[in-house]
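Enquirer: Coordinates for the following, if possible.
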Amino acid sequence: MSARQPAAIIIAIVACLAGCATPGSIGGTDYAPEYDYSEFYAVANGKTFRVEVSGNPFPALSQEEVERRLLPVMQANKPQPDLTFTYAKPAEEPRPDYRLMMVFNPANDLTAARVCAGQIRHKPRPTRPFDLFAVYCRNDLALSQSTAWTPATGPEDPRVGQLLGHLFNVLFNPFERPQPPPFPFIILRK
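Expert: Okay, the predicted model is just below:
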């Protein structure tokens, strides 16, 4: 064995352990052509931003307890604008209605369009802890969406905060630019 092989083995082990220490996984991210970070910034900066939670990632706790304990974790890991997350529903539905929908233990075939339209379904039984489908909605339009999960054991588990911080940066991505409309093709008929 050469002198370089033990060093390479140690580096490989450290890299594997670092990968195991991640807070969870984020995947399945998508942005609608209408997504525009400047729009999110304008409606959220210095204001409250509504969050609707459906499902319970920690069944040992009541839904109310999970939501109460999750709100400060979300606030501590909020995205860039100076916003305050709230669960409070306005007396009159705002138009446009911007909100973050957080669906825990979502059904496998649940779509972002259905989530924004309020047609939420869950799996019969959780398949993994803190399994989340998050959707940023404007009215019934899903502007951005992503999935996330972590093996967290409770709302204050540091992995929850780390995961939510990453998730918010993905959902409210300042580097995702609006797509220009496609070039209009004209069909000429004889």
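Enquirer: Now for residue 37, how many residues are close by?
Expert: 20 (other Cβ atoms under 10 Å). Backbone N, C-alpha and C define where each C-beta goes, glycine included.
Enquirer: any idea whether the residue nearest to it when sequence neighbours are not counted is helix, strand or coil?
Expert: Spatially, and ignoring its direct neighbours in sequence, residue 37 is nearest to residue 174 (4.5 Å; Cβ to Cβ, 6 or more residues apart in numbering). Going by DSSP: H, G, I helix; E, B strand; the rest coil, the secondary structure assigned to residue 174 is coil.
Enquirer: What about residue 174, how many residues nearby?
Expert: 13.
Enquirer: What is the helix or strand harbouring residue 163 packed up against?
Expert: Per DSSP states H and E, residue 163 falls inside helix 158-171. Contacts defined by 3 or more Cβ pairs under 8 Å, 6 or more residues apart in numbering; DSSP states H and E place helix 158-171 against strand 25-31, helix 63-76, strand 131-138, strand 141-149.
Enquirer: ok, back up a step: what's near enough to touch the residue nearest to residue 37?
Expert: Residue 174 makes contacts with 37, 41, 80, as judged by Cβ atoms under 8 Å, 6 or more residues apart in numbering.
Enquirer: So which of the helices and strands packed on helix 158-171 is the most surrounded?
Expert: strand 131-138 (a mean of 23; mean count of other Cβ atoms under 10 Å).
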